[in-house]
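Undergrad: Need the 3D shape of this:
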Amino acid sequence: MKKTQAYIQENKDRFLEELLGLLRIPSVSADPAFKASVAETAKLVAQHLKKAGVPKVEVCKTAGHPIVYGEYIQDKKLLTVLVYGHYDVQPADPVELWDTPPFEPVIKKTKRHPQGAIFARGACDDKGQVFMHIKAFEAMRKSKNIPCNIKFMIEGEEEVGSVNLEKFCKKEKKKLACDMVLISDTSILDNKVPSITTGLRGLTYLEVEVTGPNRDLHSGVYGGAVANPINVLAKMIADLQNKRGEITIPGFYDDVDIVSKEERKAMNQAPYDEKAYMRDLGVKALLGEKGYTTLERTSIRPTLDVNGIWGGYTGDGAKTVLPSKAFAKSSMRLVPHQDPVKIFKLFKQHFEAVAPAYVKVKITPHHGGDAAVTPTDSAEYKAAEWAMTQTFGKAPIPVRSGGSIPIVALFETVLNAKSVLLGFGLDSDAIHSPNEHFGLFNFYKGIETIPYFYQQYAVLKQKK
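TA: This is a model prediction of the structure:
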């Protein structure tokens, strides 16, 4: 392990420069205008895998964006770990809110990252964290210290719901066969308080279209006589939650997992400073479901949020229009036992039922996924816990995340493999937002920790 860690220290500057090159490519999977850039990124990821010493690498076509696959099989008798990540990124909009161009990475020091952080779209989610695995593999390969077989599956559609991943996994089930899946697409509590994510919320994502008159109308001529779809949609959305912060869709809470008082108590022992939390977000008060703490609201309770709303005239100046249509995109974070398909149906039934007669409603599903909870008593988790202890100097805290990685449940169903969520970002790294960043401390700490994971995982499984 000394040789592996020495190699990492000797090559840190090169690792960083290579990551910056990857971040310069705008691999936005949601926008067809970036299709060529997404394909270019896939090729570059494949090149980095080959350069790191992965002997078999291929760029696999799908109905959408390609999946990069690589494998290092030294002995079929050894344990096999599948590393999953994604090279696609969220749109950079609104670009004007970035302090520097989103695809021109720069390194700046911040209060939480005094050693510096990489500011760029995809820095933390997920190019930077994927790159940690590639560089950790390179270090292990160069120091001849790889105790397991390792496979890589790095996709280009995670930010649009991994629409082709399930088909790929089912088709290539034998190729992807593994003992476990290792994922770094999550965060830690703090650079001084390491943690491992043990739970993820599920997701239902949809779009609503509300239509009033058959064309845009003059608001002076028709205002007061014809319903405005934007006004109607805003009212319908507002009514989806009551004053207690509870979602009003009938049946929404029927299958919600009830977390024990003991687990809730343990969950709230995690370091949390509410004043600092609000200060960081620039808000004077918090809002959420009554009867639950902030840590609980963002992890073990379901939510409903509007992600975007638009309609009518939004250009410069004024246009006195009564619009024909209004639109909104909404996501619902789900907890264990809530079925994303069922939740979509409940939303659709409710929204259509409460729609007034003077508008028509159309609801379109986008994507979703199940919630997942990973065990903390497995060899996989214990290996991750031990690895973090080696590099952080203290044992990590198990925490449930509010985010969603639907493929965790998919891997368990299709590949019969449990996942370990060994992430190194911070919740304050502004993923999906302007000025996304990833600390240099976190980037390097991930590369240093991953080899320890493989070492301990092989030891623990051998004992069993």
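
Undergrad: Quick check: the gap between Pro336 and Leu20.
TA: 39 Å (C-beta to C-beta, to the nearest Å). Any C-beta I mention is one placed from the backbone N, CA and C, and that applies to glycine too.

Undergrad: next one: Asp31
TA: 22 Å.

Undergrad: ok, which stretches of the stretch 151-300 of the chain are helices?
TA: For the stretch 151-300 of the chain, the helices defined by DSSP state H, counting those that start in this stretch occupy 165-171, 219-222, 229-238, 261-267, 274-281, 294-297.

Undergrad: tell me which residues in stretch 92-102 are buried?
TA: 92, 98, 102 (16 or more other C-beta atoms under 10 Å).

Undergrad: Now the second one: closest residue in space that isn't a chain neighbour?
TA: Same thing as Trp98. Of all residues not flanking Trp98 in the chain, Pro434 sits nearest, at 4.7 Å (C-beta to C-beta, 6 or more residues apart in numbering).

Undergrad: which residues touch the one you found?
TA: Residues in contact with Pro434 (C-beta atoms under 8 Å, 6 or more residues apart in numbering) are 92, 94-95, 97-99, 102.

Undergrad: hang on, the earlier thing: now the weakest link among the helices of the stretch 151-300 of the chain, please, by mean pLDDT.
TA: When the helices of the stretch 151-300 of the chain are compared on mean pLDDT, helix 261-267 scores lowest, with a mean of 89.

Undergrad: and it, what does it pack onto?
TA: helix 294-297 (3 or more C-beta pairs under 8 Å, 6 or more residues apart in numbering; DSSP states H and E).

Undergrad: low-confidence ranges in the stretch 101-250 of the chain?
TA: Within the stretch 101-250 of the chain, not a single segment meets pLDDT under 70.

Undergrad: ok so, going back, neighbour count winner among Pro336 and Leu20?
TA: Between Pro336 and Leu20, counted using other C-beta atoms under 10 Å, the more crowded position is Pro336 (20 against 16).

Undergrad: State the distance from the more buried one to Asp185.
TA: Going from Pro336 to Asp185 by C-beta to C-beta gives 19 Å.

Undergrad: repeat for Lys173
TA: In terms of C-beta to C-beta, Lys173 sits 22 Å off from Asp185.

Undergrad: ok, these two, which is more surrounded?
TA: Taking neighbours as other C-beta under 10 Å, Lys173 and Asp185 compare with Asp185 leading, 25 against 12.

Undergrad: Contacts only, for the more buried one.
TA: Counted by C-beta under 8 Å, 6+ apart, Asp185 has contacts 85-86, 125-126, 129, 158, 405, 421, 423.

Undergrad: run the last query once more with 7 Å
TA: Asp185 makes contact with 85, 125-126, 129, 405, 423 under the criterion C-beta atoms under 7 Å, 6 or more residues apart in numbering.

Undergrad: Turn those residues into a markdown table, columns for secondary structure, neighbour count and distance to Ile67.
TA: What follows is the contacts of Asp185, written out as a markdown table (DSSP: H, G, I helix; E, B strand; the rest coil; neighbours: other C-beta atoms under 10 Å; distance: C-beta to C-beta, whole Å):
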| residue | secondary structure | neighbour count | distance to Ile67 |
| --- | --- | --- | --- |
| Gly85 | strand | 23 | 11 |
| Asp125 | coil | 27 | 18 |
| Asp126 | coil | 28 | 14 |
| Gln129 | helix | 26 | 17 |
| Ile405 | coil | 28 | 16 |
| Gly423 | coil | 24 | 21 |
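
Undergrad: Could I get the residues you listed in a markdown table, plus columns for distance to Glu262?
TA: Formatted as a markdown table, the contacts of Asp185 follow (distance: C-beta to C-beta, whole Å):
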| residue | distance to Glu262 |
| --- | --- |
| Gly85 | 34 |
| Asp125 | 33 |
| Asp126 | 33 |
| Gln129 | 32 |
| Ile405 | 26 |
| Gly423 | 26 |
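
Undergrad: Let me know the closest of those to Leu217.
TA: Distance to Leu217 across these (C-beta to C-beta) is lowest for Asp125, with 42.3 Å.
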